[in-house]
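>>> The amino acid sequence is not available; the structure is as follows:
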């Protein structure tokens, strides 16, 4: 249990997709103009990462990597389908994003309209694919660890976009020099937040 908590917390603060790896920056910058849209997209990212990382873990360990098909029989023990990893991971992600899009459109049409094109673009959000690839690289021992990592990464991305959205709402009423208004000041704030999150890297979990 302690190991699961460690993986979850590291996914939020130490290995934060935005501030440690700068993955998913396009959606992060485009949809963070208001807290409402930031919360909506962040919740969608948590859901997609929390579902796709464990599914891709099962695919990786029971279908794709060398010897994964040995459960079908000894004649399949040498089969290696790892060259299909990218396309299979993306197919799973696209399917889950389609499900999220249908749910949001059904139950929150106003949020669906506010998110616009960036909701289906979760399918090509590099932080989502990054979650699957980091899971593959780190070779987690169990599906519970992969799920903890996926949820932690999603919560980290959620906190990042909600934090920048809240700051952007506040600085609308601040005197920002004209050349820095909009994305200029947002990039500066994101850099400062990234430096702040670097302090968590010294924590031993």
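Ah, there it is. Note that the structure is predicted; figures quoted are calculated from it, not measured.
>>> Mind checking what helix or strand follows the helix or strand bottoming out on mean pLDDT in the chain in sequence?
The helix or strand of the chain with the poorest confidence is helix 109-115; it has a mean of 82 (mean pLDDT, DSSP states H and E). Downstream of helix 109-115, the next assigned helix or strand under DSSP states H and E is helix 126-138.
>>> Run through the neighbouring helices and strands of that following helix.
Packing partners of helix 126-138 (3 or more C-beta pairs under 8 Å, 6 or more residues apart in numbering; DSSP states H and E): helix 35-59, helix 85-107, helix 143-171. No exception for glycine: its C-beta is placed from N, CA and C like everyone else's.
>>> And those: which comes nearest residue 129?
helix 85-107 (6.3 Å; C-beta to C-beta).
>>> Which positions in that closest one come out as buried?
85, 88-90, 92-94, 96-97, 100-101, 104 (16 or more other C-beta atoms under 10 Å).
>>> Using just helix, strand and coil, how would you label residue 18?
coil (DSSP: H, G, I helix; E, B strand; the rest coil).
>>> quick revisit: so which of the helices and strands packed on helix 126-138 is nearest residue 65?
For residue 65, the closest of those is helix 85-107, at 8.3 Å, according to C-beta to C-beta.
>>> And for the closest one, what's in contact with it?
By C-beta atoms under 8 Å, 6 or more residues apart in numbering, the residues outside helix 85-107 that reach it are 40, 44, 47-48, 51-52, 55-56, 59-60, 63-64, 111-112, 115, 119-120, 122-123, 128-129, 132-133, 136.
>>> Please check these and keep the buried ones.
In terms of neighbour count (16+ other C-beta under 10 Å), the buried residues within those are 40, 44, 47-48, 51-52, 55-56, 59-60, 63-64, 111-112, 115, 119, 122-123, 128-129, 132-133, 136.
>>> Please look at residue 68 and residue 77 and confirm they touch.
No. Residue 68 is beyond contact range of residue 77, at 9.4 Å (criterion: C-beta atoms under 8 Å).
>>> Which one of these two is surrounded by more residues?
residue 68 (20 against 13; other C-beta atoms under 10 Å).
>>> residues touching the more buried one, list them.
Neighbours of residue 68 in contact, by C-beta under 8 Å, 6+ apart: 60-62, 79, 81.
>>> Kindly write the PyMOL command that selects the buried subset of those.
To isolate in PyMOL the members of the contacts of residue 68 that are buried, counting by 16+ other C-beta under 10 Å, one can use:
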select buried, resi 60+61
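>>> List the residues that contact residue 58.
Taking C-beta under 8 Å, 6+ apart, one finds residue 143 in contact with residue 58.
>>> Distance check, it against residue 38.
31 Å (C-beta to C-beta, to the nearest Å).
>>> and if you look at residue 185?
Distance of residue 185 to residue 38, computed by C-beta to C-beta: 16 Å.
>>> and the two? which has more neighbours close in?
Using other C-beta under 10 Å, the more surrounded residue of residue 185 and residue 38 is residue 38, with 24 against 17.
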